[in-house]
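Trainee: What shape does this take:
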Amino acid sequence: MSDERTTPAGGTPEGTDPTTGTKPEAVSSPREDATSPTADRPTEGTKPTAEKADASAAVKPGEPAPAGTQRTSAAALEAGSQNLPAGPDPTTAPRTPLDIVDVRTGMFGVSGTGDTSGYGGLVRTVAMPGPSERPYGGWFDEVVDVLAEVLDESGTGYAAAVESVVVDRGELTLNIAREHLVEVAQALRDDPDLRFELSLGVSGVHFPHDAGRELHAVYHVVSVTHGRRLRLEVAVAEGDPHIPSTTAVYPANDWHERETWDFFGIVFDGHPGLARIEMPDDWPGHPQRKDYPLGGIPVEYKGATVPPPDQRRSYS
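Mentor: Residues are numbered from 1 along each chain as shown. Down below sits the predicted model:
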């Protein structure tokens, strides 16, 4: 019986390699491999995730990991993210209201016929986040509730101590009345359900257009025990820049309060040694306030005088 396949004249049978005269081995497509019963797939009783983790542990440095394995560092990050305290969901958090404190026009405050910059028509609204409404989200409600309970039990009173609660950009800020700052800080540090035992220092901020509240002292406190962080903020007027010192509660705030006094002029009553820390003792004014002149005035430094720019020695 003759073969049904025909051989072209002077050639090789159909389906063979013309150089070797043999048939190539059949190669299956990826789709056929995925659907074939012999494909490498997990069966009952197997744990592919654990196997991949074990395989990643056996990979030597500098060698590529097998396909599908998970690096130990990636697995650790994935596991560690599950232990973080849940914060407010930014997709469902209510929009923070804004308190408008000023409206600026022109470029750098220039307006009228003297503005030749072309930006005279610009209008910029200066706004600050306003009080937030409950629910604050995440652990924020729990902290505020516990703090309110502790302050009410101590006789200080939550309503008298906390002026407002602001949740903005996923961060919790408590605006505190200055006369109750020390009591609030001590409650946050000592209560076992709060345990904000670490203060990262004190910062000063100058808002010249926030009438009656131009100078702000900002405290960042951290609970190492619970893995939480919040901000305390105290606002005072330029004409009465006095805030109680928190060194009795957080001793490490000593030098931070000195720096805030040095640069912003906030007086921390009860500080053990409130003096300038970076500028000379006889330096006039507080150089990080926004009303501090940037130049054009004679500056004295320990008896020496800095000449105006046009009279200084040229080194070019």
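
Trainee: The chain: helices as residue ranges?
Mentor: Ranges of helices in the chain, per DSSP state H, are 30-35, 48-58, 72-81, 140-154, 158-161, 181-190, 254-264.

Trainee: for the stretch 51-200 of the chain, what are the low-confidence residue spans?
Mentor: 51-96, 106-121 (pLDDT under 70).

Trainee: how about a cut-off of 90?
Mentor: Counting by pLDDT under 90, the stretch 51-200 of the chain has low-confidence residues at 51-129.

Trainee: Roughly how far does residue 268 sit from residue 172?
Mentor: 24 Å (C-beta to C-beta, to the nearest Å). In short, each C-beta sits where N, CA and C put it, glycine included.

Trainee: Was I right to think residue 128 contacts residue 164?
Mentor: No: with contacts counted by C-beta atoms under 8 Å, residue 128 stays clear of residue 164, the gap being 11.0 Å.

Trainee: who has more neighbours, the two?
Mentor: Under the criterion of other C-beta atoms under 10 Å, the comparison of residue 128 against residue 164 puts residue 128 first, with 17 against 14.

Trainee: so what's the more buried one closest to, chain neighbours aside?
Mentor: Leaving aside its chain neighbours, residue 128 sits nearest to residue 99 (5.2 Å; criterion: C-beta to C-beta, 6 or more residues apart in numbering).

Trainee: Report the separation between the one you found and residue 154.
Mentor: Going from residue 99 to residue 154 by C-beta to C-beta gives 30 Å.

Trainee: One more: residue 238?
Mentor: Residue 238 sits at a distance of 32 Å from residue 154 (criterion: C-beta to C-beta).

Trainee: So for the two, which sits in the more crowded spot?
Mentor: Legend: neighbour count by other C-beta under 10 Å for residue 238 and residue 154, higher for residue 238 (17 against 13).

Trainee: what sits against the more buried one?
Mentor: 214-215, 265 (C-beta atoms under 8 Å, 6 or more residues apart in numbering).

Trainee: do the same with residue 258
Mentor: Per C-beta under 8 Å, 6+ apart, neighbours of residue 258: 271, 273-277.

Trainee: Relative to residue 202, how far out is residue 255?
Mentor: In terms of C-beta to C-beta, residue 255 sits 9 Å off from residue 202.

Trainee: What is the burial count for residue 293?
Mentor: Neighbours around residue 293, by other C-beta under 10 Å: 9.

Trainee: Quick one: residues contacting it.
Mentor: With C-beta under 8 Å, 6+ apart, residue 293 has no contacts at all.

Trainee: Now it: phi and psi?
Mentor: phi -70, psi 140 (degrees, to the nearest 10).
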